[in-house]
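1. Kindly generate the corresponding structure for this input.
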Amino acid sequence: MVKAKKSAKKEAPVFKEAFYDVISRPVITEKATAASEHNKVIFRVRPDVTKAQVKEAIEALFKVEVVSVNTLNVQGKTKIFRGAIGKRKDFKKAVVTLAKGQSIDLAGGIA
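-> Residues are numbered from 1 along each chain as shown. Sure, this is the predicted structure:
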């Protein structure tokens, strides 16, 4: 007896504005620039998003093929502000690995 395949859930269509809510901004540091040589791009994302949401947003916005997404939660540093102890906000980073031969131009429009 052959089992019938289960149909995939149909989700509501996601609009382009929702993708901009997932990704805050790219991370442009020396380490992030060095990672770009290995087809990796680093973005700061909302703390509540999943890897699947990040992958979908990157593929839709930049028209590239994403191989994998690794996320990490960065704890805010404790700092002293004018003699008072304070804490920076926690945030989440996503390291996006692109398919071979694909790239994202983060410095587009900068002369």
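2. How about the contacts made by T78?
-> Contact analysis of T78 by Cβ atoms under 8 Å, 6 or more residues apart in numbering lists I85, G86, K87, R88. Using the backbone N, CA and C atoms, a C-beta is placed for each residue, glycine as well.
3. Now for the second one: which residues touch it?
-> Going by Cβ under 8 Å, 6+ apart, G86 touches T78, K79, I80.
4. Need those in TSV (columns: distance to A57).
-> Shown next, in TSV, are those (distance: Cβ to Cβ, whole Å):
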residue	distance to A57
T78	32
K79	31
I80	37
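5. Filter those down to the ones in strands?
-> Using DSSP state E, the members of the contacts of G86 that fall in strands are T78, K79, I80.
6. Tabulate the contacts of G86 (CSV), appending pLDDT and distance to A18.
-> Below are the contacts of G86 laid out as CSV (pLDDT from 0 to 100; distance: Cβ to Cβ, whole Å):
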residue, pLDDT, distance to A18
T78, 96, 34
K79, 95, 34
I80, 94, 39
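7. So which elements touch the host helix or strand of F19?
-> Applying DSSP states H and E as the criterion places F19 in helix 16-22. Under the contact definition 3 or more Cβ pairs under 8 Å, 6 or more residues apart in numbering; DSSP states H and E, helix 16-22 sits against helix 51-62.
8. Just give me how far the helix it packs on sits from the chain centre.
-> Computed by Cα atoms, centre = their mean, to the nearest Å, the chain-centroid distance of helix 51-62 equals 7 Å.
9. Tell me the one of the contacts of G86 nearest I42?
-> K79 (22.8 Å; Cβ to Cβ).
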